[in-house]
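Trainee: just a sequence and a predicted model for now, questions to come.
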Amino acid sequence: MRFACLPLLFAATFCVSPAAAKDTAKLRPATATEIRQTLTKTSNLKDAPNGYQYREGGKIGYRIDNGKICVLQQRKSECVTVYTDGKRLETIDRRGNRNFLN
């Protein structure tokens, strides 16, 4: 079984595992505000000229937009799409793997 992992805020690692296809009719793209409210320590991020945000002294960049989280590490960017049903946030990576953020 393959796993795709994205480092998230404060060295936590977010791993997604392959999951069965699911009805997404009730889901909508999560807003940046909804994503930031779910993730911890996002208020500590500082804007950089490259469009990513970094923790002070950190080398991992984060871009949180409506419906998307991207992580920049060692000049390589990985993104997940983020959907919500109004209660939970669900991520889908480029391979179609799904997981919940909360």
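Mentor: Received, thanks.

Trainee: touching, Pro29 and Thr81? I think so.
Mentor: Yes. Pro29 is within contact range of Thr81, at 7.5 Å (criterion: Cβ atoms under 8 Å). Any C-beta I mention is one placed from the backbone N, CA and C, and that applies to glycine too.

Trainee: what is in contact with those two at once?
Mentor: Gly67 (Cβ atoms under 8 Å, 6 or more residues apart in numbering).

Trainee: which sections of the protein are below the confidence cut-off?
Mentor: Across the chain, the ranges flagged by pLDDT under 70 are 1-25.

Trainee: for it, what's the longest strand?
Mentor: With secondary structure taken from DSSP state E, the chain has its longest strand at strand 76-84.

Trainee: the next helix or strand along the chain from it: partners in the sheet, and parallel or antiparallel?
Mentor: Next along the chain after strand 76-84, taking DSSP states H and E as the criterion, comes strand 89-92. When sheet partners are counted by DSSP bridges, strand 89-92 sits next to strand 76-84 (antiparallel), strand 98-100 (antiparallel).

Trainee: mean neighbour count added to the ones you listed, as TSV?
Mentor: Converted to TSV, the strands paired with strand 89-92 look like this (neighbours: other Cβ atoms under 10 Å):
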stretch	mean neighbour count
strand 76-84	16
strand 98-100	15
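
Trainee: can I get those in TSV with distance to Ser43?
Mentor: Listed next are the strands paired with strand 89-92 as TSV, based on distance: least, Cβ to Cβ, whole Å:
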stretch	distance to Ser43
strand 76-84	18
strand 98-100	22
